[in-house]
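Novice: predicted model, plus sequence, below.
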Amino acid sequence: MENIKRVTDADNVRLSEDEKSVVIIDQTKLPNVTEYLTLGTAEELYEAIQKLRVRGAPAIGIFAGYGIYCLAQTIRSDDYEGFRKKFHEYKEHLNSSRPTAVNLSWALNRMERVVTSNPHLSVGEILDLLREECVMIQQEDIAMCRAISEYGLSLLKNGDGIITHCNAGPLATSRYGTALGPILLGREKGMQFKVFADETRPLLQGARLTAYELQKAGVDVTLICDNMASIVMKNGWIQACLVGCDRIAANGDAANKIGTSGVAILAKYYGIPFYVLGPSSTIDLDCPTGNEIKIELRSPDEIKRGFYKEPVALEEVKCYNPAFDITDHSLITAIITEKGILRPPYDKALADMFR
Ligand code: MRU
């Protein structure tokens with residue numbers, strides 16, 4: 001257990017000292033304020049995911065694992081059936097906080113399986129197993145991000161220009177991140193890349209989080225507005241696109257932050273490889289294509305008020321604010337997971353990977 005504590009303490013999502021709450025960095029306040037939150041109630045945990053205080057598909061999964069473990073400890077029922085019922089209630093509530101990233105339900109289902117497959121154990125024994133499981137989810141993510149980073153780095157050359165969208169770095173995962181993993185690992189090995197970070201409207205994860213993480217790591221990063229992706233590609237400054245993912249369907253269609261598909265379309269036009277990086281927990285073989293992926297719609301206020309002093313549009317103006325879009329599999333050069341580099345046809349490659 002000592003070893004487990006040391007591993008998790010270093011990360012941006014972790015259990016509190018008394019193990020009754022989850023501690024996160026409030027990502028909505030970065031980069032100007034680094035504030036840690038200690039969250040223990042069902043409402044606090046739900047709100048943190050819904051408001052993107054914790055965000056990024058793998059980080060949401062890790063957070064949910066720890067969160068449901070904390071909630072399980074509060075269940076006042078010594079009989080198995082009472083415990084299982086309340087656990088399921090908590091799970092369904094947390095699971096409804098955001099719909100698109102499959103990692104949320106993946107982690108919660110994994111935790112629930114610990115409960116449902118051990119009806120013969122006491123509640124205390126189940127709690128011990130739940131603790132092991134949520135710590136394992138994070139430890140596995142650390143290992144997966146490292147492997148993804150190694151595979152991703154094998155596709156890059158020293159000095160390459162790279163564009164990325166949203167934030168798929170350490171804050172969104174554990175340690176290296178997914179899309180930023182190869183860049184950070186390359187930096188550790190003495191390589192330099194020229195990274196262009198899309199600001200990522202409307203919530204500016206690129207400006208606030210990606211540019212912050214890369215700058216702090218000593219990577220050459222240039223912040224651009226989303227509508228500047230085309231010009232940097234046309235200028236010949238980009239040799240690869242690296243993006244994360246929130247859910248990958250069985251045919252290789254990939255959901256990621258709104259605007260990702262636009263970058264992929266541009267990349268195809270300019271003949272630049274477009275790589276999607278994510279752990280296998282982001283692959284959802286139950287989802288045949290991107291059409292079946294539920295896209296989260298968020299408040300118009302994020303567009304109209306967001307980070308501006310005054311609203312940028314009239315109160316009565318309608319807004320459409322989808323948080324994600326689907327990149328068609330035909331635009332993706334390779335999908336990089338901890339198990340290797342997958343090339344088209346993705347339906348076969350993905351099915352083989354899970355076989
Ligand atoms: O709405 P967000 O900020 O949670 O969206 C995050 C993304 O789209 C990331 O690219 C994705 O979750 C991968 S994070 C490794």
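Specialist: Happy to help now that I have it. Numbering: from 1, shown residues only.
Novice: okay, CA-based contacts and neighbour counts for the rest of this
Specialist: OK.
Novice: need the contact list for the residue lying closest to I224 once chain neighbours are set aside.
Specialist: Nearest residue to I224, sequence neighbours excluded (C-alpha to C-alpha, 6 or more residues apart in numbering): D198, at 5.1 Å. Counting by C-alpha atoms under 8 Å, 6 or more residues apart in numbering, D198 makes contact with 163-166, 206-207, 223-226, 228-229.
Novice: quick check, S281 in contact with N103.
Specialist: Yes. Assessed by C-alpha atoms under 8 Å, S281 is found in contact with N103 at 6.0 Å.
Novice: returning to that earlier point: quick check: the residue nearest to I224 vs the ligand, distance?
Specialist: Going from D198 to the ligand by C-alpha to the nearest ligand atom, to the nearest Å gives 12 Å.
Novice: okay, that residue and V22: tell me how far apart.
Specialist: Applying C-alpha to C-alpha, to the nearest Å, the value for D198 to V22 is 30 Å.
Novice: what does Q138 give?
Specialist: For Q138, the distance to V22 equals 13 Å [C-alpha to C-alpha].
Novice: I163 looks like it's in a strand, true?
Specialist: Yes. Applying DSSP: H, G, I helix; E, B strand; the rest coil, one finds I163 inside a strand.
Novice: residue contacts, it?
Specialist: Contacts for I163 were tallied using C-alpha under 8 Å, 6+ apart; they are 195-198, 229, 238, 240-242.
Novice: got the residues of the stretch 1-150 of the chain near the ligand?
Specialist: Those residues of the stretch 1-150 of the chain that sit near the ligand, judged by C-alpha under 6 Å from any ligand atom, are 55-58.
Novice: go again using 5 Å as the cut-off
Specialist: Residues of the stretch 1-150 of the chain lying close to the ligand by C-alpha under 5 Å from any ligand atom are 55-57.
Novice: in helices only, show me these.
Specialist: The helices, defined by DSSP state H, take in A57 from these.
Novice: helices along this protein, start to end?
Specialist: Assigned by DSSP H, the chain shows helices spanning 2-9, 42-50, 57-73, 80-95, 102-116, 123-153, 181-188, 205, 211-216, 229-234, 260-270, 301-304, 346-354.
Novice: okay, these, which one's buried deepest?
Specialist: Most buried of the helices of the chain, by mean neighbour count (mean count of other C-alpha atoms under 10 Å): helix 57-73, with a mean of 27.
Novice: who are the contact partners of C166?
Specialist: Contacts of C166 by C-alpha under 8 Å, 6+ apart are 197-200, 204-206, 210, 243, 257.
Novice: same check, this time on T260
Specialist: Contact analysis of T260 by C-alpha under 8 Å, 6+ apart lists 165, 243, 325-327.
Novice: do that again at 7 Å, thanks
Specialist: The contact partners of T260, by C-alpha atoms under 7 Å, 6 or more residues apart in numbering, come to 165, 325, 327.
Novice: if we look at the ligand, which of those residues are close to it?
Specialist: Among the contacts of T260, the ligand is touched by none when using C-alpha under 5 Å from any ligand atom.
Novice: who are the neighbours in contact with the nearest residue to D26 once chain neighbours are set aside?
Specialist: Closest residue to D26 apart from its sequence neighbours, by C-alpha to C-alpha, 6+ apart: R53 at 4.7 Å. Listed by C-alpha under 7 Å, 6+ apart, the contact set of R53 reads 26-28.
Novice: filter those to the buried ones?
Specialist: Among the contacts of R53, the ones that count as buried by 16 or more other C-alpha atoms under 10 Å are 26-28.
Novice: with respect to K304, which of these is nearest?
Specialist: Of all the buried ones among the contacts of R53, K304 sits closest to T28, with 17.0 Å by C-alpha to C-alpha.
Novice: do you know how far S117 is from R98?
Specialist: Applying C-alpha to C-alpha, the value for S117 to R98 is 26 Å.
Novice: got a quick PyMOL command for the buried subset of the contacts of D198?
Specialist: In PyMOL, a selection of the buried entries from the contacts of D198 looks like this (16+ other C-alpha under 10 Å):
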select buried, resi 163+164+165+166+206+207+223+224+226+229
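Novice: for the contacts of C166, which entry has the maximal number of neighbours?
Specialist: T210 (30 neighbours; other C-alpha atoms under 10 Å).
Novice: could you chop this structure up by domain?
Specialist: The chain is divided into the following domains under automatic domain parsing: 5-145, 155-354.
Novice: if we can go back for a sec, who has more neighbours, S117 and R98?
Specialist: R98 (21 against 10).
Novice: just give the nearest non-adjacent residue to that one, would you?
Specialist: Spatial nearest neighbour of R98, chain neighbours left out: Q50 (6.1 Å); criterion: C-alpha to C-alpha, 6+ apart.
Novice: surely the one you found is in contact with S97?
Specialist: Yes. Counting by C-alpha atoms under 7 Å, Q50 touches S97, with 5.3 Å between them.
Novice: who is V221 paired with across the strands?
Specialist: For V221, the beta-bridge partners under DSSP bridges are V195.
Novice: okay, it and the ligand: tell me how far apart.
Specialist: The value you get for V221 to the ligand, if C-alpha to the nearest ligand atom is used, is 17 Å.
Novice: quick one: that residue and D325, what's the gap?
Specialist: Look at V221 and D325: by C-alpha to C-alpha, they are 25 Å apart.
Novice: swap in T210?
Specialist: Taking C-alpha to C-alpha, one finds T210 at 19 Å from D325.
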